[in-house]
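> predicted model follows, preceded by the sequence.
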Amino acid sequence: MNKPLPHLNTDDDAERFIDQADLSQFDLSAMTSHSFEFAPKAKQVNMRFPEALLDAVKQAAQAKGMSYQRFIRQTLEAAVQRRG
């Protein structure tokens, strides 16, 4: 049976762990992808949504473990990227 990953409190701890660990002995099945938002949010947009749509957006965001505002932002970014 694979071991669970240890809890790492700092970047230095994580770097030391990666440098020394054999990752094949750890259970990575619970890992999920995560993106970090670094760009400053300098502009605000106010929009009106039908209640049912906003509820669906909030449910989808909750299922992904993020705020609904971030979910909307990521969805818009993905749509813009697809258009090229």
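Sure thing, it's come through. Numbers count the residues shown, from 1 in each chain.
> what about the helix or strand bottoming out on mean pLDDT in the chain, distance to the chain center?
The weakest-scoring helix or strand in the chain, judged by mean pLDDT, DSSP states H and E, is helix 11-20 (a mean of 88). Offset of helix 11-20 from its chain centre (CA atoms, centre = their mean, to the nearest Å): 21 Å.
> mind listing what's buried in the helix or strand just after that helix?
Downstream of helix 11-20, the next assigned helix or strand under DSSP states H and E is helix 51-64. Neighbour counts over helix 51-64 (16 or more other CB atoms under 10 Å) mark 57, 61 as buried. The C-beta positions use only the backbone N, C-alpha and C, and glycine is treated the same way.
> which other residues reach helix 51-64?
49, 67, 68, 70, 71, 72 (CB atoms under 8 Å, 6 or more residues apart in numbering).
> narrow those residues to those in helices?
68, 70, 71, 72 (DSSP state H).
> for the last one, give me the pLDDT.
It refers to residue 72. Looking at residue 72, its pLDDT reads 95.
> re earlier: hmm, which of the ones in helices among the contacts of helix 51-64 are the buried ones?
68, 71, 72.
> any idea how far the last one is from residue 29?
Distance, residue 72 to residue 29, by CB to CB, to the nearest Å: 30 Å.
> same question for residue 49.
Distance from residue 49 to residue 29, by CB to CB: 36 Å.
> more neighbours: which of the two?
Just comparing residue 49 and residue 29: by other CB atoms under 10 Å the higher neighbour count belongs to residue 49, 11 against 6.
> and that one, what does it touch?
So residue 49 contacts residue 57 (CB under 8 Å, 6+ apart).
> any idea how far it is from residue 64?
18 Å.
> residue 8 now?
Distance from residue 8 to residue 64, by CB to CB: 23 Å.
> same thing with residue 6?
For residue 6, the distance to residue 64 - CB to CB - is 25 Å.
> listing request: residues of this protein with sub-threshold pLDDT.
1, 33-36 (pLDDT under 70).
> would you map out the domains in it?
Domain segmentation of the chain under automatic domain parsing yields 1-31, 34-83.
> how distant is the last one from the center of its chain?
Average the C-alpha atoms of domain 34-83, do the same for its chain, and the two points are 12 Å apart (CA atoms, centre = their mean).
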